[in-house]
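In: Provide a 3D model corresponding to the input given below.
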Amino acid sequence: MTSTESIRGIIYKDQPCWIPSHMNYGKLAIDRMLRAKDKVALIDGKTGQQITFVELVQLVVNAASSLIRLGVKRDEVVAVCSENRTEFLITTIATWCSGATVTFLNPAYSKNELEHTISISKPKYVFLSPETHNQFYSTIVGTKIVEKFFIFGDSVNDATISKFNDLIKTYVNIDNFKPVSDPVNDFHELISLFKNGMTIKPSLLCSHITKDLVFLSNAPWSNTFGIMSTMDELVHNRTIVYLTRFNIEQYLSYIQKYRVGVLLAVPPLVVALTKSPIIQNYDVSSVEFIYSGGAPLDLGVINEVKQRFKGLKHVLQGYGMTEVTGTLTEETDTESKPGSVGKIAIGNIVKIADIETGKALGPKQEGEVRVKGATLFGGYIGNNLKDELDDEGYFRTGDICYYDEDGYFFFVDRIKELIKYKAGQVAPSELEAILLQHPGVKDVGVVGKPDPMVGELPTAFVKTNHIIFQVSSWKKLRGGVYFVEDIPKTPSGKILRRLLRDYLKKPVSKL
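Out: Residues are numbered from 1 along each chain as shown. I've put the predicted structure just below:
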């Protein structure tokens with residue numbers, strides 16, 4: 001089928017992906033970026049340092065050629081452990097050109113998490129920034145897995161660590177560069193992304209947003225949303241201003257300074273923009289689009305942010321997961337519906353299934369999202385992909401959604417996040433959205449508190465006081481309201497509910 005279509009509850013949009021299976025993805029990225037040549041590709045928001053597309057490609061080619069000369073081979077693993085910086089992207093694309101697999105070691109990891117990730121991915125080479133070198137070098141060495149280290153910048157002087165700058169010194173003519181090709185019809189690990197450890201293949205988003213608008217991103221490139229959205233903008237020749245760390249004053253100042261037109265954001269940032277009183281001190285009139293991903297964004301928050309950004313045309317959402325290479329549904333500036341996470345992205349076949357029976361459901365019926373198609377990952381490391389599929393070959397996502405008669409999807413919550421109160425099921429995100437409507441609530445997280453009589457009691461963690469009376473009886477916050485300094489979240493904006501459940505054992509204060 002060549003267009004979005006619904007048949008017996010199955011939603012199709014399985015046009016062939018435009019990336020030839022035999023083409024090296026690094027080569028594809030280079031070819032696409034060269035179309036923009038002297039246009040600015042990346043801007044370090046903090047320093048103002050800029051690099052054009054042709055300059056970026058030249059450094060990628062130099063680095064890739066050096067990696068190939070050093071003996072980096074197809075299917076070997078190269079790890080990047082760094083905050084957002086230009087060298088991060090150069091290394092990533094150069095690794096793809098060499099035929100190797102790239103993985104990312106999140107700078108926010110604890111030492112135990114880092115050791116676990118390395119034990120699974122087994123990188124032969126690791127690239128570090130000066131900061132992550134100070135944090136993790138001794139820990140990584142202690143794993144006795146990594147054979148060679150590289151360091152970004154010139155501030156670390158250690159004879160045992162090679163300098164990244166030496167990799168890019170040797171000039172190689174772009175026209176003469178030949179990356180390692182991928183065999184036709186053979187699976188090749190392009191990238192390993194960690195969500196309990198997994199491997200995936202590439203997929204790029206398509207959008208009608210003009211390439212002349214400047215993009216601002218604070219998403220860490222070490223996670224799926226960050227790296228996939230950034231690569232998407234680069235291959236579509238858009239200028240990206242990036243942040244190393246998030247600070248709302250800096251963020252707003254970058255919007256004003258660089259006349260940013262599109263914000264690549266996660267929901268906590270969008271919420272912060274609706275709550276911050278300092279936004280009135282900055283000119284944010286250039287912002288036309290906000291693209292939010294990583295977690296669902298409530299319609300009330302969308303309406304609030306539109307009041308703050310007077311030039312805003314659309315707040316666009318996408319829904320996805322690491323297992324489908326980032327994006328499963330997406331909105332564009334020509335196709336959107338308030339509160340929706342969009343329509344099925346190219347390359348996917350989706351059904352909304354009854355949680356108990358697996359039967360495909362029709363419009364406006366909540367069920368589990370199950371998916372198959374070209375963008376589906378190759379499986380979790382060490383496990384057979386077939387173990388994750390249902391009887392019809394669909395991957396079970398564990399997410400609850402519904403779609404309407406027009407094919408727009410609406411995210412409800414994760415199955416494992418649902419709170420079971422008596423005979424009812426409560427979506428934490430629904431209660432969080434209601435609490436966030438109060439101007440005094442900066443952030444909120446809702447979990448189920450175990451109770452022997454009723455199963456679980458809906459329990460809220462908030463920064464300020466707000467009691468709700470606008471929900472059904474079984475959804476009331478019978479577990480109480482706890483006041484905390486911060487709501488723990490992943491870098492992509494997802495609430496760490498397991499940590500909130502831990503807080504229940506030793507709360508600071510309760511309403």
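In: For the stretch 51-200 of the chain, which segments count as helices?
Out: Ranges of helices within the stretch 51-200 of the chain are 53-70, 86-98, 111-121, 130-143, 164-167, based on DSSP state H, counting those that start in this stretch.
In: Are we agreed that K27 is in a helix?
Out: Yes: per DSSP: H, G, I helix; E, B strand; the rest coil, K27 lies within a helix segment.
In: That one: how many residues sit nearby?
Out: Neighbours of K27 under the rule other CB atoms under 10 Å: 19. Yep, even glycine has a C-beta here, placed from its N, CA and C like the rest.
In: Distance of it relative to L42?
Out: Separation of K27 from L42 (CB to CB, to the nearest Å): 20 Å.
In: cool, and V141?
Out: For V141, the distance to L42 - CB to CB - is 31 Å.
In: the more surrounded of the two?
Out: Neighbours were counted for V141 and for L42 using other CB under 10 Å; L42 has more, 23 against 13.
In: shouldn't the more buried one be in contact with F53?
Out: No: with contact defined as CB atoms under 8 Å, L42 does not count as touching F53 (9.0 Å).
In: which intervals of the stretch 101-250 of the chain have sub-threshold pLDDT?
Out: 182-211 (pLDDT under 70).
In: how about the helices in the stretch 301-450 of the chain?
Out: 428-436.
In: Strands of that one, residue ranges please.
Out: 314-319, 329-330, 343-344, 348-353, 367-373, 379-380, 395-403, 409-414, 419-421, 424-426, 444-451 (DSSP state E, counting those that start in this stretch).
In: Can you name the residues that contact V57?
Out: V57 is in contact with 30, 33-34, 174, counting by CB atoms under 8 Å, 6 or more residues apart in numbering.
In: Please disregard the earlier target; I meant V262.
Out: Contacts for V262 (CB under 8 Å, 6+ apart) come out as 209, 213-216, 238, 287-291.
In: In strands only, show me those residues.
Out: Among the contacts of V262, DSSP state E puts 215-216, 289-291 in strands.
In: Make CSV from those residues and add distance to V444 to it.
Out: Output for the ones in strands among the contacts of V262, formatted as CSV (distance: CB to CB, whole Å):
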residue, distance to V444
F215, 29
L216, 26
F289, 26
I290, 21
Y291, 23
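In: closest to E368 out of the helices of the stretch 51-200 of the chain?
Out: Taking CB to CB, helix 111-121 is the member of those nearest to E368, at 26.9 Å.
In: Give me the buried positions along that closest one.
Out: Across helix 111-121, burial judged by 16 or more other CB atoms under 10 Å covers 114-118, 120-121.
In: follow-up on the earlier one: of the contacts of V262, which is the nearest to T244?
Out: Of those, the one sitting nearest to T244 (CB to CB) turns out to be L216, at 13.0 Å.
In: quick one: contacts for that closest one?
Out: 45, 240-243, 251, 254-255, 258, 260, 262-264.
In: The same query, at a cut-off of 10 Å, please.
Out: Shown in contact with L216 (CB atoms under 10 Å, 6 or more residues apart in numbering): 43, 45, 239-243, 251, 254-255, 258, 260-265, 287, 290.
In: quick one: which of the residues you listed sit in helices?
Out: Using DSSP state H, the subset of the contacts of L216 located in helices is 251, 254-255, 258.
In: any chance of the residues you listed in CSV, plus distance to N281 and neighbour count?
Out: What follows is these, written out as CSV (distance: CB to CB, whole Å; neighbours: other CB atoms under 10 Å):
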residue, distance to N281, neighbour count
Y251, 12, 23
Y254, 14, 23
I255, 12, 25
Y258, 17, 18
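In: Since that was my last question, I'll sign off now.
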